[in-house]
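> I would like to see how this sequence folds:
(2 chains)
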Amino acid sequence: MLARLIPVSLAFALLQVALRFRDDADLARRLRERDAGAMRELYDHYGRLIYSLIQRMVRNSAAAEDLVQETFLRIWNRIPAFDQERGALGPWVLTVARNRAIDYLRSSDGRMSAGALDLDRLEHPGQFCDFDNRALSLDRARMLKEAFEKLTPNQKTVIELAYYEGLSQTEMADRMQQPLGTIKTWVRSALKVLREQLTEAATV
Amino acid sequence: MTCQDLRDSYELYALGLLDGEEKREIDEHLARNCVDCQKQLKNALAVNALLLSQAPQVVPPSRLKRRVMASVGRERSGFAWIAALAAAAAVIVALWLGIQQRTTDRELSKARLDLQQSAGERDRLEQALTFLNQPETRQVNFGLDKPAPPRGNFFLNPRLGVLLIASNLPALPAGKAYELWVIPKGDAPRPAGTFQADPQGTAMHILNGTVDSSVTLAVTVEPEAGSPAPTSGILFSAGF
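Residues are numbered from 1 along each chain as shown, chains lettered A, B, ... in the order given. Have a look, this model is predicted:
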């Protein structure tokens, strides 16, 4: 399903991530200075991307709007801990958005948040600094999309379950009624393909 | 395990989906500033961001931008509004006192009470804003998944206490109030103050003081004076 939908929307989404990257330092500085105009700019840069991600994950427009609002509020509240010189806003904002949606999904289906503390730690702004400038380039995004399309259907499914539904490998094994070992093989082989494609892109 | 053994696990680790031995290993490698692991984690965060950015694009409703801007601007404009209201009330009271020499003591004390209430409300909002701005404050929402329930957020800060913001609260009969409970793991609920909702069903309640970082928070309906232990079913709750 992801592969079917990617080509239509990819260029726009990736432009948002890739091209905004260079403006992050100035935007982050203004957010830290509590500049409301900077918040408007942050929304213009990432609002559509974040709404699309959350909507894909929760599949409920009203909940998606609430969660987008929570995402931006959290970014606003936590920006003082963000390293404005070395940080990359895009990956941080996307991670915060995914975690809000995961919290929602887990609380709606009763999978109460065993990993809630971990999610909190893993979205700490300090994690999102010192990216290679090329890490989020449009070329790498295109490479990743091409690599994703080469995955087998099972590999695509496990990647979707991990990224968009927040299922652990054990939960995927239950959902797909497959042995845990098989799931782990699919996940690892899929990630390896994606990662290696990016590594090749970086060394070309 | 060596860094090489762990190389396929960083993406799941960064998504919070890794558990067991591999997670502990990566935690340990990172804790001792393993350069290779830090590099792998950085690569994994980039892969994750690129994958997450590929969700099919949907255009958000235009009201969403207004909502987002209001949620970060409201506190400030809220304070300005209340401060202006208080200032305007003060001017009116002063003029009114100047003109109406024979104002009764009873009317004067009512005006003073109004001012105190405005100032009290402003203090409470300032306190809430301080609470929200602390980096260690954590948030759990409730009611989002239900059709027409009370909705809102609990904010927990182990150093400062608990902030509850709720909407869609049902109207209460006379003599009743909402009561917040802090429920430590494996322990009985502890009373954490009573509060009322406004006529629109919105309420904000603050519990000051240190709170264990791993608790369940719940609200029940109790007699106005509060109860030492819950006497009715949980209206809503959330776990930290």
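
> near chain A at all, whichever strand or helix holds residue B:38?
Following DSSP states H and E, one finds residue B:38 within helix B:35-52. Yes. Against chain A, helix B:35-52 shows contacts by CB under 8 Å from any CB of the partner chain at B:41-43, B:45-52. For glycine as for every other residue, the C-beta is placed from the backbone atoms N, C-alpha and C.

> Around the residue nearest to residue A:125 when sequence neighbours are not counted, how many other residues sit close by?
Leaving out its chain neighbours, the residue that sits closest to residue A:125 by CB to CB, 6 or more residues apart in numbering or on different chains is residue A:82, at 3.9 Å. Residues lying near residue A:82 (other CB atoms under 10 Å in any protein chain shown) number 22.

> again, but for the one 3 residues further on
Applying other CB under 10 Å, we find 10 residues neighbouring residue A:85.

> Enumerate every residue touching the nearest residue to residue A:28 once chain neighbours are set aside.
Closest residue to residue A:28 apart from its sequence neighbours, by CB to CB, 6+ apart: residue A:84 at 4.0 Å. Applying CB atoms under 8 Å, 6 or more residues apart in numbering or on different chains to residue A:84 gives the contacts A:25, A:28-29, A:32.

> Determine which residue lies closest to the centroid of chain A.
Centroid-nearest residue in chain A, with CA atoms, centre = their mean: residue A:94, separated by 4.2 Å.

> Next up, identify which helix or strand the spatially most central residue of chain B is on.
Nearest residue to the geometric centre of chain B (CA atoms, centre = their mean): residue B:155, 3.5 Å. Assigned by DSSP H and E, residue B:155 belongs to strand B:151-157.

> hmm, back to that, where's the residue nearest to the centre of chain A, which helix or strand?
Per DSSP H and E: residue A:94 is located in helix A:89-108.

> so what secondary structure elements neighbour the helix or strand just after that helix?
Per DSSP H and E, helix A:89-108 leads on to helix A:116-122 as the next helix or strand towards the C-terminus. Other elements packing on helix A:116-122 under the criterion 3 or more CB pairs under 8 Å, 6 or more residues apart in numbering or on different chains; DSSP states H and E are helix A:89-108.

> ok, 10 Å please
In terms of contacts (3 or more CB pairs under 10 Å, 6 or more residues apart in numbering or on different chains; DSSP states H and E), helix A:116-122 is packed against helix A:89-108, helix B:10-14, helix B:20-31, strand B:138-142.

> what would those look like in CSV with mean pLDDT?
As requested, these are exported to CSV (pLDDT from 0 to 100):
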stretch, mean pLDDT
helix A:89-108, 90
helix B:10-14, 91
helix B:20-31, 87
strand B:138-142, 85
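
> what's around residue B:32, how many residues?
Residue B:32: 7 neighbours (other CB under 10 Å).

> how near is it to residue B:26?
11 Å (CB to CB, to the nearest Å).

> my guess is residue A:175 meets residue A:165, correct?
Yes. Contact criterion CB atoms under 10 Å: residue A:175 and residue A:165 qualify, at 8.6 Å.

> Between those two, point out the one with more neighbours.
A direct count of neighbours by other CB under 10 Å for residue A:175 and residue A:165 places residue A:165 higher, at 17 against 14.

> Just grab the bridge partners of the nearest residue to residue B:152 once chain neighbours are set aside for me.
Nearest residue to residue B:152, sequence neighbours excluded (CB to CB, 6+ apart): residue B:166, at 3.6 Å. Here residue B:166 sits in beta bridges with residue B:152, residue B:203, going by DSSP bridges.

> per-domain residue ranges of chain A.
Chain A breaks down into these domains under automatic domain parsing: A:2-127, A:138-203.

> and the last one, anywhere near chain B?
Yes. Contact between domain A:138-203 and chain B, assessed by CB under 10 Å from any CB of the partner chain, occurs at A:140-145, A:148, A:159-164, A:166-172, A:184, A:187-192, A:194-195, A:197-199, A:202.

> List the residues that contact the residue of chain A most remote from its centre.
Note on chain A: the largest C-alpha distance from the chain mean falls to residue A:179, namely 27.4 Å (CA atoms, centre = their mean). Listed by CB atoms under 10 Å, 6 or more residues apart in numbering or on different chains, the contact set of residue A:179 reads A:173, A:185.

> With residue A:185 as the reference, measure out to it.
For residue A:179, the distance to residue A:185 equals 9 Å [CB to CB].

> what do you get for residue A:99?
Taken as CB to CB, the span from residue A:99 to residue A:185 is 27 Å.

> and if you look at residue B:138?
From residue B:138 to residue A:185 the distance is 36 Å (CB to CB).

> Residue B:198: what secondary structure?
Of the three states, residue B:198 takes coil according to DSSP: H, G, I helix; E, B strand; the rest coil.

> Report the contact partners of it.
B:167, B:169, B:204.

> swap in residue B:34?
Residue B:34 neighbours (CB under 10 Å, 6+ apart): B:3, B:6, B:26, B:28, B:40-41.

> most surrounded residue in these?
That'd be residue B:40 among these, by other CB under 10 Å, with 25 neighbours.

> That one and residue B:3 touch, don't they?
Yes. Counting by CB under 10 Å, residue B:40 touches residue B:3, with 6.9 Å between them.

> list the residues that contact both of the two?
B:10, B:26, B:29, B:34.

> Closest to residue B:195 out of these?
residue B:26 (43.7 Å; CB to CB).

> Against residue A:163, how distant is that closest one?
19 Å.

> One more: residue B:220?
In terms of CB to CB, residue B:220 sits 39 Å off from residue A:163.

> buried sites along stretch B:185-199?
For stretch B:185-199, the neighbour count (16 or more other CB atoms under 10 Å in any protein chain shown) marks B:189, B:191-195, B:197 as buried.

> what's the offset of it from the middle of its chain?
15 Å (CA atoms, centre = their mean, to the nearest Å).

> Same check on stretch A:43-54?
That offset, for stretch A:43-54, works out to 11 Å (CA atoms, centre = their mean).

> can you tell if it touches chain B?
Yes. Applying CB under 10 Å from any CB, one finds that stretch A:43-54 is in contact with chain B at A:43-44, A:46-54.
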